[in-house]
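**Student:** what's the 3D shape of this:
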Amino acid sequence: LRNGEVERTKRVYLGSDQEHMVYEGEMVGMILAIELLKEEGGTGSMALGVDNQAAIWATKAFVLKPGHYLMDKFHNDLR
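**Tutor:** So this is what the prediction gives:
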């Protein structure tokens, strides 16, 4: 979002809601946001809005749980 206008978006199909939890969808959204930032050159700052408590808490946790590979990817992409 720049000057109130959406400039670019990214999407990925995860599968049905029978295959994935909301947590995984939120995590993939966070990963896609980092990818967009990197494609823009990775300069400046970014605000990332997440409304899933499990995803928010997972950013601080390094505990093995189902779907935690997504948080590992998120942390790696931030580097």
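**Student:** Same question for the residue nearest to the spatial centre of the chain, what's its three-state structure.
**Tutor:** Taking Cα atoms, centre = their mean, the centroid of the chain lies closest to M30, which sits 1.1 Å from it. Secondary structure for M30, judged by DSSP: H, G, I helix; E, B strand; the rest coil, is helix.
**Student:** Setting aside sequence neighbours, what's the nearest residue to it?
**Tutor:** Nearest non-adjacent residue to M30, counting by Cβ to Cβ, 6 or more residues apart in numbering: F74, 5.4 Å away. C-beta here means a position set from N, CA and C on the backbone, and glycine is covered the same way.
**Student:** ok so the one you found is a helix residue?
**Tutor:** Yes: under three-state DSSP, F74 sits within a helix.
**Student:** ok, it - contacts?
**Tutor:** If a contact means Cβ atoms under 8 Å, 6 or more residues apart in numbering, then F74 has M27, M30, I31, I34, T59 as its contacts.
**Student:** Only the buried subset of these, as a ChimeraX command please.
**Tutor:** To isolate the buried members of the contacts of F74 in ChimeraX, using 16 or more other Cβ atoms under 10 Å:
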select :27,30,31,34
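**Student:** what's the closest of the contacts of F74 to G67?
**Tutor:** Taking Cβ to Cβ as the measure, G67 lies nearest M27 of the contacts of F74, at 6.7 Å.
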